[in-house]
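Participant: pasted the sequence and its predicted model underneath.
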Amino acid sequence: MSRKKTPKSKGGSVPAASALPATNGSLSARPGTTRPGRETPPNGPPQSGRPSLGGSGDFYDVAFKVMLVGDSGVGKTCLLVRFKDGAFLAGTFISTVGIDFRNKVLEVDGVKVKLQIWDTAGQERFRSVTHAYYRDAHALLLLYDVTNKASFDNIQAWLTEIQEYAQRDVVLMLLGNKVDSTQERVVKREDGEKLAKEYGLPFMETSAKTGLNVDLAFTAIAKELKQRSVKAPSEPRFQLHDYVKREGQGASCCRP
Ligand SMILES: Nc1nc2c(ncn2[C@@H]2O[C@H](COP(=O)(O)OP(=O)(O)OP(=O)(O)O)[C@@H](O)[C@H]2O)c(=O)[nH]1
Ligand SMILES: [Mg+2]
């Protein structure tokens, strides 16, 4: 297994090709937070199995591309920032323009797994940009917002889109985000579970605000992808569904 190096910088942004407003040319920005620095600028979507290299940084053994998708405002950017930096982006909502990415290396059973995580814009006008990135994604985290029924109702449309543009064997997980907002909740946990079961998806409720199940979601993805690529013959098959069911925590002390 070859050892590779990750670039030192945190991540980068890719101008959203034709769909970006001409005046902007690229990046989403959020006051009060560190914007991802530009990494080795990818020329279009990164190639699977060919992680971008450059500069010095952490070593990794295998690299995968993970995409965050879902309606605008469900918390994709916040989920990524929580996972990458352990912080929550409170305050004014600044919608992502185009697509951003951040890297994080996780140790999974002694293997260093680099996740290159692509944060897509949920707004309809950027949809064609996102389509171009699906085909290289190894895993997709599909989010809805438990305080926004429309974002839940749109999950089926997202699944149709995923079916059309993503690889057949893409690892897919459904996440119901913002479970800290108990007063505003309009989508019950059981509804999320039912939908996930219908489509055979692993499911968890998360909170980018409190961090609930955020690391777990990415770790589960990393474990599944690592298992697929470097499974030793003696190793028992990693069961993604069982893992998230077993390890996932409820929004409060107890499962509602
Ligand atoms: N209470 C609560 N608010 C959250 C959570 N996650 C995100 N938010 C808030 O929801 C709003 C939208 O979050 P973003 O992460 O920017 O949403 P997004 O999915 O990236 O939206 P687009 O970039 O437009 O696709 C922001 O005001 C966040 O502060 C969460 O877990 N709990
Ligand atoms: Mg965003």
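Facilitator: That came through fine. Every value quoted in this text rests on a predicted model; they were computed, and no experiment measured them. Ligands and ions are numbered 1, 2, ... in the order given.
Participant: up against ligand 1, what does the protein have?
Facilitator: Where proximity means CB under 6 Å from any ligand atom, the interface of the chain facing ligand 1 comprises 72-78, 89-90, 93, 95-96, 121-123, 177-178, 180-181, 207-209. The C-beta positions use only the backbone N, C-alpha and C, and glycine is treated the same way.
Participant: going along the chain, name the helices of this protein.
Facilitator: Listed in chain order, the helices found in the chain under DSSP state H are 76-85, 127-134, 149-153, 155-165, 189-199, 214-230, 240-247.
Participant: ok so, going back, out of the residues of the chain next to ligand 1, name the ones that lie in strands.
Facilitator: Judged by DSSP state E, strands contain the following of the residues of the chain next to ligand 1: Asn177.
Participant: just the buried ones out of the residues of the chain next to ligand 1, please.
Facilitator: Among those, those classed as buried by neighbour count (16 or more other CB atoms under 10 Å) are 72-78, 89, 96, 121-122, 177-178, 180-181, 207-209.
Participant: pull the contacting residues for Leu115.
Facilitator: Ala63, Phe64, Lys65, Val66, Asn103, Lys104, Val105, Leu106, Phe218, Ile221, Ala222 (CB atoms under 8 Å, 6 or more residues apart in numbering).
Participant: give me the distance between it and Arg102.
Facilitator: As judged by CB to CB, to the nearest Å, Leu115 and Arg102 stand 9 Å apart.
Participant: from ligand 2, how far out is the spatially most central residue of the chain?
Facilitator: Computing the C-alpha centroid of the chain and ranking residues by CA atoms, centre = their mean puts Leu68 first, at 3.5 Å. Distance of Leu68 to ligand 2, computed by CB to the ion, to the nearest Å: 8 Å.
Participant: give me the beta-bridge partners of that residue?
Facilitator: Leu68 forms beta bridges with Asp119, Leu141, as assigned by DSSP bridges.
Participant: is it true that it touches Leu143?
Facilitator: Yes. Using CB atoms under 8 Å, Leu68 is in contact with Leu143, at 6.6 Å.
Participant: separation between the residue nearest to the centre of the chain and Thr77?
Facilitator: Counting by CB to CB, the gap from Leu68 to Thr77 is 8 Å.
Participant: quick check: neighbours shared by these two?
Facilitator: Asp119.
Participant: next, count neighbours for the residue of the stretch 101-250 of the chain found nearest ligand 2.
Facilitator: Relative to ligand 2, the nearest point of the stretch 101-250 of the chain is Asp119 (5.7 Å; CB to the ion). For Asp119, the count of nearby residues is 26 (other CB atoms under 10 Å).
Participant: can you read off the pLDDT for it?
Facilitator: According to the prediction, Asp119 has pLDDT 97.
Participant: was I right to think it contacts Leu80?
Facilitator: Yes. The pair Asp119 / Leu80 is scored as a contact, 5.0 Å apart, by CB under 8 Å.
Participant: so what sits against both of those two?
Facilitator: Going by CB under 8 Å, 6+ apart, residues that sit against Asp119 and also against Leu80 are Leu68, Arg102.
Participant: and the nearest residue to Ser181 once chain neighbours are set aside, how far from Gln183?
Facilitator: Among residues not flanking Ser181 along the chain, Thr147 sits closest, at 4.9 Å (CB to CB, 6 or more residues apart in numbering). Note on Thr147: its distance to Gln183, by CB to CB, is 9 Å.
Participant: no further questions, thank you.
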